[in-house]
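In: here is the input, now give the coordinates:
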Amino acid sequence: MKNFSRRTVLSIGIVSAVIPLLAALYILFVWPGDVSSAKSEDRQVFGATYMTMNNPYYQVLDSQLRTIIEANGDILLTRDAAMDQQRQCQEVGELIDAGVSAIFLTPVEWDGARESLELANAAGVPVIVVDAPVRDGELAACSVLSDNYQAGVLCAEHLLAARESANIVLLEHITARSGAERIQGFTDTIAGHEGFRVLASGESDGQIENAMPVMEELLAKAPDADTVMALNDPSAFGAMAAIQGAGLSQRFAVYGIDGSPEAKALIQDGLMTATCAQFPYRLAEEAVAQAYAALDGGCTQQEIILPVELLTAENIDDYGTDGWQ
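Out: Numbers count the residues shown, from 1 in each chain. Below is the predicted model of the structure:
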């Protein structure tokens with residue numbers, strides 16, 4: 001892999017610093033503030049709470065949800081759980097008190113969302129789980145998800161085809177089922193292939209600022225490592241910064257999942273191996289369609305799984321690098 005340039009490291013660092021500020025400004029100044037007046041105009045109000053807004057993927061997902069809902073003359077109220085499950089439950093209660101008709105939920109912890117789902121059910125407010133599944137999926141009106149397991153499979157298949165062996169480290173987010181499924185798909189696929197070994201793993205929470213120090217620790221534990229499989233693109237970026245700092249860029253293959261514009265640009269420049277693309281615009285369209293269906297008799301399906309696609313140097317030009325797909 002080519003050198004991960006200082007300019008690129010600096011750019012990613014700036015992005016990671018600016019995103020929380022933008023999210024805070026968004027929360028303070030962009031959200032609709034007067035729900036009661038909106039209700040008086042017979043507009044439906046929807047709520048959304050994400051595990052974090054400190055991730056461009058959720059910002060894009062929220063923006064597309066808002067665009068579709070507002071095009072229908074309705075309103076979306078967004079909340080940021082900031083990786084705090086208790087806070088997210090409180091946000092669900094606040095959205096219910098605000099009179100929302102339905103809630104879009106990306107859980108902080110896949111097995112910790114039951115209280116939120118029960119609150120919504122008791123209030124007669126349907127919940128559309130988006131992006132990351134919940135353990136108690138039967139309590140949701142519908143779950144709209146990417147094929148997270150297949151994303152890991154596709155990354156592993158590419159690695160198996162590209163190299164004769166690999167010493168692998170994993171960057172995980174075990175409390176998010178979506179992240180766990182991606183890593184499981186990867187490890188299941190390489191299992192039994194001689195020469196492909198997982199040497200170490202670490203918890204990054206899917207955050208760039210966590211991934212870099214964790215990757216530094218993994219490099220110390222596994223000095224022979226030459227491949228990193230990250231549950232998402234931000235974790236991959238943090239890993240790449242650590243790899244660059246250790247002077248190991250030429251050795252490493254780096255895999256992420258999301259299909260973010262930054263990852264696509266890095267692949268195009270030969271700095272990152274692959275990212276498995278999610279399609280947040282399609283995810284948002286399906287989630288909104290199911291939310292309206294839930295309010296009009298019921299969702300068409302209990303669970304909807306959208307396909308993913310591996311982006312590599314061979315096909316990256318088909319997608320471009322100036323936006324999400």
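In: give me the neighbour count for Cys124.
Out: Wrong residue type there; residue 124 is Gly, not Cys. Neighbourhood size, Gly124 [other C-beta atoms under 10 Å]: 8. In this view, the C-beta of every residue, glycine as well, is placed from N, C-alpha and C.
In: my guess is Leu218 contacts Ala200. True?
Out: Yes. The pair Leu218 and Ala200 passes the contact test of C-beta atoms under 8 Å, sitting 4.9 Å apart.
In: looking at those two, which has the bigger crowd around it?
Out: Applying other C-beta under 10 Å to Leu218 and Ala200 shows that Leu218 carries more neighbours, namely 22 against 15.
In: just the CA atoms of the helix or strand hosting that one, as CSV, please.
Out: Using DSSP states H and E, Leu218 falls within helix 208-221. What follows is helix 208-221, C-alpha atoms only, in CSV (Å, rounded to 0.1, in the frame of the first residue of the first chain):
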residue,chain,number,x,y,z
ILE,A,208,-11.9,7.4,14.2
GLU,A,209,-10.6,9.0,17.4
ASN,A,210,-10.8,5.6,19.2
ALA,A,211,-9.4,3.5,16.4
MET,A,212,-6.0,5.2,16.1
PRO,A,213,-4.8,4.5,19.6
VAL,A,214,-6.4,1.1,19.6
MET,A,215,-4.6,0.3,16.4
GLU,A,216,-1.3,1.5,17.9
GLU,A,217,-1.8,-1.0,20.7
LEU,A,218,-2.6,-3.8,18.2
LEU,A,219,0.5,-3.1,16.3
ALA,A,220,2.5,-3.5,19.5
LYS,A,221,0.7,-6.8,20.3
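In: state the next helix or strand along the chain beyond the worst-scoring helix or strand of the chain on mean pLDDT.
Out: Ranked by mean pLDDT, DSSP states H and E, the weakest helix or strand in the chain is helix 35-40, scoring a mean of 42. Sequence order places strand 45-50 as the next helix or strand after helix 35-40, per DSSP H and E.
In: next one: that following strand to chain centre, how far?
Out: Strand 45-50 sits 17 Å away from the centroid of its parent chain (C-alpha atoms, centre = their mean, to the nearest Å).
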